[in-house]
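Novice: model the following, please.
(one chain, ligands or ions: 2)
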Amino acid sequence: MSLRDEAAELDMRDPLAGKRAEFDVDPDLSYLDGNSLGAPPRGVAPRLAEVVGEQWGRRLIRSWDEGWWDAPERIGDRIAPLVGAAPGQVVVGDSTTVNLFKALVAGVRLNPDRPEILLDAATFPTDGYIAESAARLTGHRVRRVPVREMASAVSSRTALALVNHVDYVTGELHDLPVVTEALHSAGALAVWDLCHSAGAVPVPLDAAGVDLAVGCTYKFLNGGPGAPAFLYVARKWLDVFDQPLSGWAGHADPFGMTPSYAGGTGIRRGRTGTPDILSMLALDAALDVWDDVTIDQVRAKGLALGEFFLRCLDELVPDADVVTPRSRGNQISVRRPDAKATMGELIARGVIGDYRPPDVLRFGLAALYVRYADVLRAAEELRALR
Ligand SMILES: Cc1ncc(COP(=O)(O)O)c(C=O)c1O
Ligand SMILES: Nc1c(O)cccc1C(=O)C[C@H](N)C(=O)O
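Specialist: Ligands and ions are numbered 1, 2, ... in the order given. From the prediction side, this is the model:
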């Protein structure tokens, strides 16, 4: 069977094929950049029109008591099952970067008298920038360690380690339970960045005993550009979670207007200031696409898309330097010296992925809307550019 016939057959048999119709994606494009910005679910635009026209327009300030003020926890509970968390431990708001700051400072406060923060050496840069800055404030030292060496690097000096679940360049999926266990056995806390795994692969936060985690919602959760991030605080820490951005929205009695801070009960204390309601309710609408699909189904298709893409590359671009290991998220990365120019060419030809310096092409496989035909087309266009 030709690769074309095979792609057609795989698309025809795909149990998630119908999901694509719930997204507003240009049928002429092969959109393989959902690991950077997810596509818009069709339900988002009408919901936003209603929020602006009815909730804001007609109900005005009354809307704060009619669902707006509690939206961060309510939507957090919608994300929770996708990251393996029981209700009451996930709150939505602020950017990933801001939540990293909260998690790191709160994390070292939970594990005092240990002077060191371990950092995934290949981390997305913002995590490192924030870790260094948090460390300057708290008097810690940041030590960068490859994830595979975390277990031997962690010691009684380590307060916590910040690890990316999926490497943003190579797409490698790290073993969250094993790394968490290694950190715990030395008395360190495990803080995970789930930006590239939330909505792509199952994340066993509760089962693995993860302490704190952050993630974004504009990639595989399709919340839209600048959609608010999420923060996970394990139930065992909720009562003592002492985060540094102690704004009024996390206060036990925000409308009491008292001069001193008292953190609210539960995950509410992860909040900072006024929630970004328009973005947050866009995300709420975007999460509707998960109502009748499980993360396991999405993972299964993501893996199958990846396998098919690798086979297409094998056949059509046999010298392609695939840098993604077997243990991967929903992303395949290919190293090419002319990666930046190549991605420009691919985009001009209707295949949208992205490029990360110095030389890596990234192809995201957002299983809710990517077709097998899309990954075949990416391989065909790559061959044409050899
Ligand atoms: C692993 C990871 N962490 C953090 C971020 C960014 O954080 P923010 O949402 O604050 O821009 C990204 C992507 O932008 C990312 O890939
Ligand atoms: N957040 C982004 C943005 O505002 C503009 C462009 C790209 C992004 C990204 O999310 C990049 C992404 N985290 C990455 O993996 O490189």
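Novice: mind splitting the protein into its structural domains?
Specialist: If you go by automatic domain parsing, the domain ranges for the chain are 3-31+293-384, 47-290.
Novice: near ligand 1 at all, the last one?
Specialist: Yes - applying C-beta under 6 Å from any ligand atom, one finds domain 47-290 touching ligand 1 at 95-97, 124, 126-127, 164, 168, 193, 195-196, 216, 229. Heads up, the C-betas are built off the backbone N, CA and C, glycines and all.
Novice: re earlier: closest to L37 out of the domains of the chain?
Specialist: domain 47-290 (5.8 Å; C-beta to C-beta).
Novice: ends of that closest one, how far apart?
Specialist: 16 Å (C-alpha to C-alpha, to the nearest Å).
Novice: sorry, back to before: as CSV, the residues of domain 47-290 next to ligand 1 with pLDDT would be great.
Specialist: CSV is the format used below for the residues of domain 47-290 next to ligand 1 (pLDDT from 0 to 100):
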residue, pLDDT
S95, 98
T96, 98
T97, 98
F124, 98
T126, 98
D127, 98
N164, 98
Y168, 98
D193, 99
C195, 98
H196, 98
C216, 98
A229, 98
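Novice: in PyMOL, select just the buried ones from the residues you listed.
Specialist: Those of the residues of domain 47-290 next to ligand 1 that count as buried under 16 or more other C-beta atoms under 10 Å are selected in PyMOL with:
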select buried, resi 95+96+124+127+164+168+193+195+196+216+229
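Novice: select from the residues of domain 47-290 next to ligand 1 every entry located in helices.
Specialist: Cross-referencing the residues of domain 47-290 next to ligand 1 against helices under DSSP state H gives T96, T97, T126, D127.
Novice: quick one, what contacts the first one?
Specialist: The reference is to T96. The neighbours of T96, taking C-beta atoms under 8 Å, 6 or more residues apart in numbering as the test, are T126, D193, C195, V214, G215, C216, A229.
Novice: and the gap between the third one and F220?
Specialist: Meaning C195. Taking C-beta to C-beta, to the nearest Å as the measure, C195 falls 9 Å from F220.
Novice: got it, and the last one?
Specialist: When C-beta to C-beta is applied, the distance between A229 and F220 equals 13 Å.
Novice: list the contacts of D239.
Specialist: When contacts are counted by C-beta under 8 Å, 6+ apart, D239 touches T265.
Novice: and for the one 5 residues further on?
Specialist: If you count contacts by C-beta under 8 Å, 6+ apart, P244 has them with F101, K102, V105, A106, L137.
Novice: strands of the stretch 1-150 of the chain, start to end?
Specialist: 30-31, 90-92, 116-120, 141-145 (DSSP state E, counting those that start in this stretch).
Novice: spatially nearest residue to R78 (excluding sequence neighbours)?
Specialist: L287 (4.9 Å; C-beta to C-beta, 6 or more residues apart in numbering).
Novice: count of residues packed around that neighbour?
Specialist: A count of neighbours around L287, defined by other C-beta atoms under 10 Å, yields 20.
Novice: does it count as helix, strand or coil?
Specialist: Assigned with DSSP: H, G, I helix; E, B strand; the rest coil, L287 falls in the helix class.
Novice: what's the per-residue pLDDT of it here?
Specialist: At L287, the pLDDT value in this model is 98.
Novice: and for the one 10 residues further on?
Specialist: Note for Q297: predicted pLDDT of 98.
Novice: nearest to ligand 2: which residue in the stretch 51-200 of the chain?
Specialist: Y168 (3.8 Å; C-beta to the nearest ligand atom).
Novice: roughly how far does the residue nearest in space to the middle of the chain sit from Y232?
Specialist: Compute the mean C-alpha point of the chain, and by C-alpha atoms, centre = their mean the closest residue is C195, 2.2 Å away. Applying C-beta to C-beta, the value for C195 to Y232 is 13 Å.
Novice: mutual contacts of these two, please.
Specialist: What both C195 and Y232 touch, as defined by C-beta under 8 Å, 6+ apart, is the set V214, G215.
Novice: mind telling me what element G187 is part of?
Specialist: G187 belongs to no helix or strand when assigned by DSSP states H and E.
Novice: this protein against ligand 2: which residues are in contact?
Specialist: S36, F124, Y168, C195.
Novice: please redo it, this time with the cut-off set to 5 Å
Specialist: Residues of the chain lying near ligand 2 by C-beta under 5 Å from any ligand atom: S36, Y168.
Novice: any weak-confidence spans in the chain?
Specialist: Within the chain, no stretch has pLDDT under 70.
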